[in-house]
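J.: what follows is a protein structure lacking sequence information:
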C-alpha cells in the first residue's frame, strides 16, 4: 500500500523520483516554489517547459519535464487554482493532485513529493488545502510506493502531520457509512472527547447486541479493532471489513434507513475539513445536538430514536 508522509524540508532537495512544482499557467517559471525549482534545477527545466508547453498549462492539469540538476529525475508541473483571485472550486485543487499522480505513474515513478499546492501566494485556506491533498491522494488509487507532502515551514508541517493522524478517525466514520450502505443499519456510533480534551474517542456498537463494541481513541493513532490498522490511505471498504471482523454478529438488517440517512448527513459535515463529531465530553450538552468540530459551536441534530 502507498505510504503517505509528512516531510519537513525543502521541496527542491527531495530525493524522490519526481517532485511537483506549483507552477503558473504560463509555465515559464515564477516566484515561490516555482522559482525555487527552476533555480535549483537549472535552465534545462525551462527549456523543457518551452518545448512541451508552448501554450502553457490549464489550471488543474499537470505535465512533466526533466529534473535538470535536481536530485529528482522528473518535475511534474501542475497549476493550482488562485483562491485569492476567486478560483475557489475545490475540484480544481483536487485535480492538481490527481493529474500529478497520473503523470508520475505514466513516467514509471515509484515516489513523488508534493508541496502544499495553492496554499502559498494563491491563498487557499491551509486547513482545507491539507484535507483536499490527503483525501485526493488517498482516493486516487495510485500504485506509487510513497507520496510525500513537503512543507518548508515547521508549523505547516505539523498541521499536515496532525491532519494525517486525524484522517484515521475520518476513515473509521467512512467505514461505518460503507456498512450502512450495505444494510448494516444496526451499527451505531458514539463519538466524543476525552476528559483531557486531547483525544477524540468513538464507540461502535451493534444495536441488537449492545455489549458488542469497538473502542477507538485517537491516542492509539492507527491501531483499530483489536489489532487492525487504519490510516489516511485506508479505504472505507477495508475499514468496513475490520469492523465486521470485530463485530461478527452484526447483521445486514436494512431496518433503520432513517439512522443511516442521518449518519450520512453528519459525515457530509465532517468530510470537507475533517471536523470530527462530538456527542459527549465534560460539560457538554448533547441535547442541543452533536457538535461537528470540537469547540466550533456548529450543531448537528441528534440521531433519530
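T.: Arrived safely. Keep in mind it's a predicted model, so treat the numbers as computed, not measured. Numbers count the residues shown, from 1 in each chain.

J.: can you map out the helices along the stretch 1-150 of the chain?
T.: All helices of the stretch 1-150 of the chain, identified by DSSP state H, counting those that start in this stretch, fall at 32-41, 43-52, 90-107, 126-139.

J.: immediately after the one helix or strand residue 156 maps to, which helix or strand?
T.: Using DSSP states H and E, residue 156 sits in helix 154-181. As assigned by DSSP H and E, the chain's next helix or strand after helix 154-181 is strand 187-193.

J.: that older thread, which of the helices of the stretch 1-150 of the chain sits closest to residue 273?
T.: helix 126-139 (5.5 Å; Cβ to Cβ). The C-beta positions use only the backbone N, C-alpha and C, and glycine is treated the same way.

J.: residues in contact with that closest one?
T.: 2, 4, 90, 93-94, 97-98, 101, 114, 116-119, 147, 149, 156, 159-160, 163-164, 167, 232-235, 271-274 (Cβ atoms under 8 Å, 6 or more residues apart in numbering).

J.: quick check: domain ranges of this protein?
T.: Recorded structural domains for the chain (assignment: automatic domain parsing) are 3-152, 167-300.

J.: who does the helix holding residue 156 touch, helix- and strand-wise?
T.: Identification of packing neighbours for helix 154-181 by 3 or more Cβ pairs under 8 Å, 6 or more residues apart in numbering; DSSP states H and E yields strand 3-8, helix 126-139, strand 146-151, strand 187-193, strand 200-206, helix 236-246, helix 257-270.

J.: mean neighbour count, those: which tops it?
T.: Ranked by mean neighbour count under mean count of other Cβ atoms under 10 Å, the helices and strands packed on helix 154-181 are led by strand 146-151, which reaches a mean of 23.

J.: what's that strand in contact with?
T.: So strand 146-151 is contacted by 2-11, 14, 16, 101, 110-116, 130, 133-134, 137, 157, 160 (Cβ under 8 Å, 6+ apart).

J.: wait, residue 111 sits on residue 17?
T.: Yes - Residue 111 lies in contact with residue 17 (Cβ atoms under 8 Å); the separation is 5.0 Å.

J.: quick check, central residue of this protein?
T.: residue 134 (2.2 Å; Cα atoms, centre = their mean).

J.: for residue 50, which non-adjacent residue is spatially closest?
T.: Residue nearest to residue 50 in three dimensions, not counting chain neighbours: residue 28, with 7.4 Å by Cβ to Cβ, 6 or more residues apart in numbering.

J.: now do the contacts for that neighbour.
T.: 46, 49-50.

J.: quick one, phi/psi of it?
T.: phi -130, psi 20 (degrees, to the nearest 10).

J.: use 592 as the first number from now on
T.: Sure thing, new numbering starts at 592, so read that last one as residue 619.

J.: and the gap between it and residue 608?
T.: Residue 619 sits 25 Å away from residue 608, going by Cβ to Cβ, to the nearest Å.

J.: hang on, the earlier thing: most tightly packed of the domains of the chain?
T.: Comparing the domains of the chain by mean neighbour count (mean count of other Cβ under 10 Å), domain 594-743 comes out on top with a mean of 20.

J.: pull up the distance across that one, start to finish.
T.: For domain 594-743, the first-to-last residue distance is 20 Å (Cα to Cα, to the nearest Å).

J.: that one: how far from the chain's middle?
T.: Averaging C-alpha coordinates over domain 594-743 and over its chain gives two centres that are 16 Å apart (Cα atoms, centre = their mean, to the nearest Å).

J.: could I get the average pLDDT for it?
T.: Averaged over domain 594-743, pLDDT sits at 97.

J.: can you tell me what sits against stretch 806-813?
T.: The set of residues external to stretch 806-813 that reach it, using Cβ under 8 Å, 6+ apart, is 756-757, 759-760, 763, 785, 789-795, 815-816, 820-822.

J.: brain fart, stretch 818-829
T.: 592-595, 725, 728-729, 755, 758-759, 762-763, 765-766, 768-769, 813-815, 830, 833, 836-837.

J.: could you give the average pLDDT over that stretch?
T.: Across stretch 818-829, pLDDT averages out at 95.

J.: okay, how far is it across it, tip to tip?
T.: Length of stretch 818-829, first residue to last, Cα to Cα: 14 Å.
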